[in-house]
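Enquirer: Predicted model, plus sequence, below.
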Amino acid sequence: MKLQEKDFIEIEFTGKVKDGEVFDSTLKEELEKLHSGHDHSPEAKPFIFCLGRDMFLKALDDFLIGKEMGKDYEIELEPEKAFGKRIPSLLHKIPIKIFIEKKVNPVPGAVLNFDGKIGKILTVSGGRVIVDFNSSLAGKTVVYKIKILRKVTDINEKINALNEFFFRKEFKFEIKEKKLIIEVDKSLVKLIELFKDKFKDILGLDLEVKESENNKAKEKQEKRDKKSQ
């Protein structure tokens, strides 16, 4: 049976720059190479996602729709269909005094966070630092090897996959008729509610977000503790 839009599938994949190095993978051996020298590498596990719903590169989504289960595929993507072309306007000149004030040593090749934007230092000269805010993969042709493991049909597994993708967390949840009820910490309620349309579109379920009962019990206990002091 060929894959269709909105199917949930589980895949293994490896992405590499054409004639270059791997930059992303779900395979243990590739992740260990990518993160060698670090204390630990991310957990290696297959990726579960919904086809055609912006959970993977659009070009890969389009490529996988219509393909068959249990097969291996390879696709080459030009920059326009991968991570975009390099944009000259994203090269910024920043006075070196700003780095000095922040007590940061601007070394060429260093990757730093500039108020939420990731930039790579290219050169340091004449009191100026040139920082590149393009993606490290911008302008590069990439190659993906993908193995389609299975089609995911269990609704609980689908919900867990969406929570992992959107929030990087597991939540307690239940389904009542056409409603998905998720319990989260009070601080996350408004954030999760922003995804109501996403859950409706992908799962066909109305999303209700509730404050966790454990969180409520904790707050009550804290109030009792304060009163008793």
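Expert: Noted; the coordinates are in hand.

Enquirer: Which residue lies nearest the spatial centre of the chain?
Expert: Compute the mean C-alpha point of the chain, and by C-alpha atoms, centre = their mean the closest residue is residue 165, 6.3 Å away.

Enquirer: any idea which helix or strand carries that one?
Expert: Remark: residue 165 resides in helix 155-167, with elements defined by DSSP states H and E.

Enquirer: So what touches the following helix or strand past that helix?
Expert: From helix 155-167 onward toward the C-terminus, using DSSP H and E, the following helix or strand is strand 172-176. Identification of contacts with strand 172-176 by C-beta atoms under 8 Å, 6 or more residues apart in numbering yields 155, 159, 163, 180, 181, 182, 183, 205, 212. Any C-beta I mention is one placed from the backbone N, CA and C, and that applies to glycine too.

Enquirer: List the buried residues for the helix holding residue 165?
Expert: The neighbour-count criterion (16 or more other C-beta atoms under 10 Å) identifies 158, 159, 160, 161, 162, 163, 165 as the buried residues of helix 155-167.

Enquirer: can you list the domain ranges for this structure.
Expert: The record assigns the chain these domain ranges, following automatic domain parsing: 1-84+140-153, 88-132, 154-229.

Enquirer: ends of the second one, how far apart?
Expert: The straight-line separation of the ends of domain 88-132 (C-alpha to C-alpha, to the nearest Å) is 9 Å.

Enquirer: returning to what we had before: which of the contacts of strand 172-176 lies closest to residue 59?
Expert: Residue 59 lies nearest to residue 163 out of the contacts of strand 172-176, by C-beta to C-beta, at 25.6 Å.

Enquirer: isn't that closest one right next to residue 157, touching?
Expert: No: look at residue 163 against residue 157 with C-beta atoms under 8 Å: they stay out of range, at 10.9 Å.

Enquirer: A helix includes residue 189, no?
Expert: Yes: if the criterion is DSSP: H, G, I helix; E, B strand; the rest coil, then residue 189 is within a helix.

Enquirer: That one: what's it in contact with?
Expert: Remark: with contacts taken as C-beta under 8 Å, 6+ apart, residue 189 is in contact with 209, 210, 211.

Enquirer: circling back to that earlier point, export the domains of the chain to CSV and tack on mean pLDDT?
Expert: As requested, the domains of the chain are arranged in CSV below (pLDDT from 0 to 100):
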stretch, mean pLDDT
domain 1-84+140-153, 93
domain 88-132, 94
domain 154-229, 88
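
Enquirer: contacting residues around stretch 86-103?
Expert: 105-106, 119, 122, 124, 127-134, 138-139.

Enquirer: What subset of those is buried?
Expert: In the contacts of stretch 86-103, burial by neighbour count holds for 106, 119, 124, 129, 130, 131, 132, 134, 138, counting by 16+ other C-beta under 10 Å.
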